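Chemist: Got a sequence here, can you model it:
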Amino acid sequence: MTYAIICSSKTGNTKKLAQRAREVLSEKNEVPATDADLVLIGSWTDKGGLDPALEDALPQLAGKRVFLFGTCGFGGSQVYYDRVLDRFASALPEGAQVVGRFMCQGQMPPAVRDRYVKLAETDPARFAPMIENFDRALGHPNAADLDAFEAALSAAL
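Modeler: As a prediction, the model looks like this:
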């Protein structure tokens with residue numbers, strides 16, 4: 001089986017998932033998206049959806065089997081992940097067949113925490129939970145996340 005990976009990773013979190021996919025699927029089987037049996041679309045979460053930089057790559061997915069994956073700074077809830085993945089799927093062209101999907105939390109840059117701490121000075125009720133989420137996200141995707149990604153990908157094959 002041949003595959004292609006189209007991925008946008010702002011901080012390296014989603015890139016870690018893409019690299020695990022290459023290990024699982026064997027780098028020698030990676031081909032351009034137009035020739036692939038399976039196309040993996042990976043993105044960091046931008047305002048609850050795919051990175052807009054991926055828009056130009058999406059039309060070539062019509063009629064393709066697609067596996068969606070990504071990371072987001074906010075996490076801890078499969079319901080939230082499912083909503084984000086639904087938004088990812090809604091960006092696909094007609095005829096693209098989603099055969100699997102995976103989302104996990106990814107750590108955010110330290111500047112995000114610094115901003116939350118500053119904002120918490122004036123609105124602690126709103127920003128204290130965001131600081132807690134930031135701290136929970138540290139180290140993600142971790143080994144358990146990568147293993148869960150691999151299981152989801154294997155189940156979709």
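Chemist: The residue of the chain positioned farthest from its centre is in what secondary structure piece?
Modeler: Using CA atoms, centre = their mean, the residue of the chain lying farthest from its centre is residue 122. It sits 32.3 Å away. Here residue 122 sits in a region with no helix or strand, counting by DSSP states H and E.
Chemist: Quick check: it vs residue 132, distance?
Modeler: 18 Å (CB to CB, to the nearest Å). In short, each C-beta sits where N, CA and C put it, glycine included.
Chemist: Nearest residue to the residue nearest the centre of the chain in space, please, no chain neighbours.
Modeler: Compute the mean C-alpha point of the chain, and by CA atoms, centre = their mean the closest residue is residue 70, 0.5 Å away. Excluding the flanking residues, the one nearest residue 70 by CB to CB, 6 or more residues apart in numbering is residue 43, at 4.7 Å.
Chemist: so what secondary structure elements neighbour the helix or strand containing that neighbour?
Modeler: Taking DSSP H and E as the definition, one finds residue 43 inside strand 38-44. The helices and strands touching strand 38-44, judged by 3 or more CB pairs under 8 Å, 6 or more residues apart in numbering; DSSP states H and E, are strand 3-8, helix 13-25, strand 65-72.
Chemist: Partner strands of that strand, with direction?
Modeler: strand 3-8 (parallel), strand 65-72 (parallel) (DSSP bridges).
Chemist: Just the local confidence number for the residue farthest from the centre of the chain, please.
Modeler: Residue 122 is assigned 95 on the pLDDT scale.
Chemist: Look up phi and psi at the residue nearest to residue 59 when sequence neighbours are not counted.
Modeler: Distance criterion CB to CB, 6+ apart; nearest residue to residue 59, sequence neighbours excluded, is residue 93 at 5.5 Å. As for residue 93, its main-chain torsions (degrees, to the nearest 10) stand at phi -70, psi 160.
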